[in-house]
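Colleague: I'll drop the sequence and a predicted model, then ask my questions.
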Amino acid sequence: MKRNTLVLGITLFILAAFAWAGWANWQYRKQAAERAAAATAKAELANGETADAMFSSSPLLGKQAPDFQLQNLQGKKVTLADYKGKALLINFWATWCGPCKLETPWLVELAKQYEPQGFEIVGIDAENDDVKPSDTAGWAKDKAAVERFVKQEKMPYPVLLGGDSISKAYGDFDAMPTSFWVDRSGKVIAAQMGISSKSDMEEKIKKAMQ
Amino acid sequence: MIGIAFGAAAVGAMAQAPLWQETKPAGMKTEAVRYLYPEQVTLTAGKPAIVELHFRVAKGLHINSHAPKDTFLIPTTFSVPDGAGARLVGAQYPAGVEFTLPADPKTRLNVYTGDFTIEARLTASPGDHLVQGKLRYQACDETQCMPPKTIAVGIDVVGK
């Protein structure tokens, strides 16, 4: 009886040792594989890797642009209806977005160039940084950054705050910049996720003004 | 055999939520940065020690380095919350690589791509602590940017 217990104990010990060795071996291999991959991985960004990033489709195309009511930097409420009868470019952007900063000078020039023909741009800031509605300090910080950006870029067109609250209606996107071109009847005639080019934006403006 | 059985753990595929239905650009709601290792470190309790934290940026994306060239850009930052059993004394960030957007070859950004390592200087209390560090970053591809994000960096810190 005593001998059987001893044999059983030794057997269990050996099995446990095998199990531990197997687990340790797996852990070692896993970390070694990660290290090997880390050592061989190249930090590169080849052109065309995100070929579909230049995105110009949207479920809103051909539909009426969703209405919104947001505040501008002066605290005044602005709605989509305020732009009735105008060709409009709705440009969602954020202060932390490099491509947004890159396309802003194009927008500034295009706004000035086509305004006499009944075209307007409205910039909608969507910081998407999880600031809660009750976080007044967070909102003040975001607003200050937006004001600084607007001043630095000399943006002549209105900029509205709180774009995250309407991004769902505009297709549930979170990537910036994202733009929608709206014709004089209020219909979305073009959309662009990500930066394209000034000439591409201008073509869409012309289409919106037709 | 037992080892093989233990090693047969499956790795789940990352779920991708649609952005603009099925026509969305790939990758914009995927995890841009993944923490690789170490899962566990043993440190001399009460004595600062360097722990190398390895991360990987998803292919085709870049994140700002710790010292981006524009004040509007969000720097990559590692932090450890108070009372975690290990204290972050300091962190050494790698130098970023220069990167230009195709739409603006003149402007040089300072970014991390591929794999990068942060040397965190940690002081551990005696005992076994599951430390939930945080990495805050903001990722972009060549044409668009994702919102800033904070991911958990889980490390089992043993202070002896």
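Modeller: Right, received. Where do you want to start?
Colleague: in what helix or strand does A:Met201 lie?
Modeller: Element membership for A:Met201 (DSSP states H and E) is helix A:198-209.
Colleague: so is that helix next to chain B?
Modeller: No: using Cβ under 8 Å from any Cβ of the partner chain, helix A:198-209 stays clear of chain B, coming no nearer than 9.3 Å. Just so you know, the C-beta spots here come from the backbone N, C-alpha and C atoms, and that holds for glycine as well.
Colleague: setting aside sequence neighbours, what's the nearest residue to A:Glu153?
Modeller: Nearest in space to A:Glu153, with sequence neighbours left out and distances taken as Cβ to Cβ, 6 or more residues apart in numbering or on different chains, is A:Thr104 at 4.7 Å.
Colleague: no no, B:Thr76
Modeller: Nearest to B:Thr76 is B:Tyr137, by Cβ to Cβ, 6+ apart, at 4.6 Å.
Colleague: for A:Leu73, see how far away that neighbour is.
Modeller: 28 Å (Cβ to Cβ, to the nearest Å).
Colleague: what about these two, which has more around it?
Modeller: B:Tyr137 (24 against 14; other Cβ atoms under 10 Å in any protein chain shown).
Colleague: circling back: contacting residues around the strand or helix carrying the residue nearest to A:Glu153?
Modeller: Using DSSP H and E, A:Thr104 sits within helix A:98-114. Contacting residues not belonging to helix A:98-114 are listed as A:87, A:89, A:91, A:93-94, A:119-121, A:123, A:149, A:153-157, A:176-177, A:194-195, A:198, A:201-202, A:205, A:209, B:70, B:72-73, B:101, B:103-104, B:107, B:109, B:140, B:143-145 [Cβ atoms under 8 Å, 6 or more residues apart in numbering or on different chains].
Colleague: report the distance from it to the chain centre.
Modeller: Distance of helix A:98-114 from the chain centroid (Cα atoms, centre = their mean, to the nearest Å) equals 18 Å.
Colleague: swap in stretch B:110-129?
Modeller: Using Cα atoms, centre = their mean, the offset of stretch B:110-129 from its chain centre is 9 Å.
Colleague: next, the distance between the ends of it.
Modeller: Distance between the two ends of stretch B:110-129: 35 Å, counting by Cα to Cα, to the nearest Å.
Colleague: before we move on, what about stretch A:123-136?
Modeller: With Cα to Cα, one end of stretch A:123-136 sits 22 Å from the other.
Colleague: mean confidence for that stretch?
Modeller: Confidence for stretch A:123-136, expressed as mean pLDDT, is 84.
Colleague: could I get the buried residue list for that stretch?
Modeller: A:Gly123, A:Ile124, A:Asp125, A:Ala126, A:Glu127, A:Asn128, A:Asp129, A:Val131 (16 or more other Cβ atoms under 10 Å in any protein chain shown).
Colleague: for it, what is the distance to the chain centroid?
Modeller: 13 Å.
Colleague: does any part of that stretch sit near chain B?
Modeller: Yes: Stretch A:123-136 is in contact with chain B by Cβ under 8 Å from any Cβ, via A:Glu127, A:Asn128, A:Asp129.
Colleague: and of those residues, the nearest to A:Val182?
Modeller: Nearest to A:Val182, judged by Cβ to Cβ, of the residues of stretch A:123-136 next to chain B is A:Asn128 at 22.3 Å.
Colleague: report the distance from stretch B:128-145 to the chain centre.
Modeller: That offset, for stretch B:128-145, works out to 5 Å (Cα atoms, centre = their mean).
Colleague: now swap in stretch B:70-78 and tell me
Modeller: Counting by Cα atoms, centre = their mean, stretch B:70-78 comes out at 14 Å from the chain centroid.
Colleague: ok, stretch A:154-171 next?
Modeller: Taking mean C-alpha positions (Cα atoms, centre = their mean), stretch A:154-171 and its chain are 12 Å apart.
Colleague: the residue nearest to B:Thr76 against B:Arg34, yeah?
Modeller: No: assessed by Cβ atoms under 8 Å, B:Tyr137 is found out of contact with B:Arg34, at 11.3 Å.
Colleague: list the residues that contact both of these two?
Modeller: By Cβ under 8 Å, 6+ apart, B:Tyr137 and B:Arg34 have these common neighbours: B:Ile151.
Colleague: can you give me the strands for chain B?
Modeller: When assigned using DSSP state E, the strands of chain B occupy the ranges B:33-37, B:40-43, B:49-57, B:62-64, B:77-79, B:86-92, B:97-101, B:104-112, B:115-124, B:127-137, B:139-140, B:149-159.
Colleague: so in that sheet, which strands flank the fourth one, and in what orientation?
Modeller: I take that to be strand B:62-64. When pairing is defined by DSSP bridges, strand B:62-64 lines up against strand B:104-112 (antiparallel), strand B:139-140 (antiparallel).
Colleague: try the first one
Modeller: Each strand pairing with strand B:33-37, determined using DSSP bridges, is listed with its direction: strand B:49-57 (antiparallel).
Colleague: then the fifth one?
Modeller: Strands adjacent to strand B:77-79 in the sheet, as given by DSSP bridges, are strand B:127-137 (antiparallel).
Colleague: tell me the domain ranges of chain A?
Modeller: Chain A resolves into domains spanning A:1-41, A:51-209 when parsed by automatic domain parsing.
Colleague: which stretch in the ones you listed is the model least sure about?
Modeller: Minimum mean pLDDT among those: domain A:1-41, a mean of 68.
Colleague: before we move on, back to that, of the contacts of helix A:98-114, buried ones?
Modeller: A:87, A:89, A:91, A:93-94, A:119-121, A:123, A:149, A:153, A:155, A:157, A:176-177, A:194-195, A:201, A:205, A:209, B:72-73, B:101, B:103, B:109, B:140, B:143-145.
Colleague: among the residues you listed, which lie within helices?
Modeller: Among the buried ones among the contacts of helix A:98-114, the members found in helices (DSSP state H) are A:Phe149, A:Glu153, A:Met201, A:Ile205, A:Met209.
Colleague: nice, that's everything, thank you.
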